[in-house]
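Peer 1: Provided below are the primary sequence and the corresponding predicted coordinates.
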Amino acid sequence: MGKVRKLMTLAGTAVVTAGVLVVGAGVASAAPSFQLPFPCNQVWSGQTRTNHSPANAIDFNRTNDDGDPVVAAAGGTVSRVANEGSTSYGRWIEIDHGSGWRTRYAHLSAQRVSVGQSVAQGAQIGNVGNTGGSTGAHLHFEELLNGVAQRVVFNGATALYWGTKNYTSNNRCSGSSNPYTAEEVCGSAFSQIDSAALGTAGRVYLMYNASTGSNCVATIKSTSIGSASSVSAFLEVQGGTRTTDSGSFAYYAGPVTKSAAAKCVKWGGSAGSSTYTSAFEHCG
C-alpha cells in the first residue's frame, strides 16, 4: 500500500444524522450519490488510517494499478487541476458537486480534464499514479463538505474506518451497454453529422456545434465496457495540425474539439485493432 506524505491538512468537525451530514452550527447538506472512483465492477483495496492526512481520506490500490483509469465519483464541474511536483498531492484534480460538496483525486500520473469542464459520474478524469509525496502507485481520494474532509461513502455505505477492505465499483454499471453517448461526451450543443464503425469494438462520431462552428470527435467503445483498453479519437482541420486523444480508456476517447467554420475536416479514431480515417470532408 502506497503511503502518503503531503503538505496539505484539513481541519473541521462533522457529524452524521439520519443520513445527512451536519457541519458546524446546524448547516446541513445532503451528499451526492457517490460511487467508487473506478470503472464498473473493478475491485479495489481501500485503506484508511488514523495518521493519514486528512484522516478521513482513503487510499486505493490493486495489483499493477499504475496508469489505471480514474473516474468521477459523482457528476460535477472540475474546480481544480493542479501539479504540486514531488510534494503533497502531486498531480491532482478536484470536482465541485454543488451544495458545498467536492471530491479530490491525488497522485495521478495523468489529468484528462480542465478547470470549468462538466463531467458526468463515471467519466474518466485521470489515471492512477505515483506523483507528489507518494511511495507507491495508488489513488488518494477525499470527499469534502465545505472544505472539511468527511468519512468516505460509496453506493450509500461508509468505508471501513480504520483498516483495509476490498470494494467493488458500481460506478455507471449498466450491463453490457456503454452508458455514454457521443452527445454526452461532446456536450449537448453538438449534433451528430457523421459516424463510422470500428468493427465490433466501437464507433467514432463526428459532431457539430452550429452556434460556434466547432466540430467534435468522440469514439465510443462497444466491447470491454468499463475496462481499460486501447481507444483513440482525432480531428484535423484542413491547413492545421491534427489533435488526438489516445490511451487505455474504459468507455470512450475524446472529446477532441476544434473550430472549423467554413473549413474541411479530417476525422477518425480507433478501438482495439480497428481504425477509421476520413478524407477531408464536411466543408461547411
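Peer 2: Okay, I see it.
Peer 1: Show me where the protein has its helices.
Peer 2: 182-186 (DSSP state H).
Peer 1: How many residues are close by Ser273?
Peer 2: 9 (other CB atoms under 10 Å). Every C-beta, even on glycine, is put in place using the N, C-alpha and C of the backbone.
Peer 1: Contacts only, for it.
Peer 2: Neighbour list for Ser273: Gly199, Ala201 [criterion: CB atoms under 8 Å, 6 or more residues apart in numbering].
Peer 1: Likewise for Glu184?
Peer 2: So Glu184 contacts Ala120 (CB under 8 Å, 6+ apart).
Peer 1: how long is stretch 68-88 end to end?
Peer 2: 21 Å (CA to CA, to the nearest Å).
Peer 1: ok, now stretch 192-210?
Peer 2: 11 Å.
Peer 1: If we go by neighbour counts, what in it is buried?
Peer 2: 194-196, 198, 201-209 (16 or more other CB atoms under 10 Å).
Peer 1: how distant is stretch 197-207 from the center of its chain?
Peer 2: 21 Å (CA atoms, centre = their mean, to the nearest Å).
Peer 1: hmm, back to that, which of the buried residues of stretch 192-210 sits closest to Thr131?
Peer 2: Ranked by distance to Thr131 (CB to CB), the buried residues of stretch 192-210 are led by Gly202 at 30.2 Å.
Peer 1: which residue packs closest to that closest one, ignoring adjacent ones?
Peer 2: Of all residues not flanking Gly202 in the chain, Ala271 sits nearest, at 3.4 Å (CB to CB, 6 or more residues apart in numbering).
Peer 1: What distance do you get for that neighbour to Ser177?
Peer 2: Look at Ala271 and Ser177: by CB to CB, to the nearest Å, they are 15 Å apart.
Peer 1: Next up, the contacts around the residue nearest to Ser33 when sequence neighbours are not counted.
Peer 2: Distances taken as CB to CB, 6+ apart place Ala74 nearest to Ser33, at 6.4 Å, with adjacent residues excluded. Contact analysis of Ala74 by CB under 8 Å, 6+ apart lists Pro32, Ser33, Phe34, Gln35, Ile95, His97, Trp101, Thr103, Gln121.
Peer 1: Buried subset of the residues you listed, written for PyMOL?
Peer 2: To isolate the buried members of the contacts of Ala74 in PyMOL, using 16+ other CB under 10 Å:
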select buried, resi 32+34+35+95+97+101+103+121
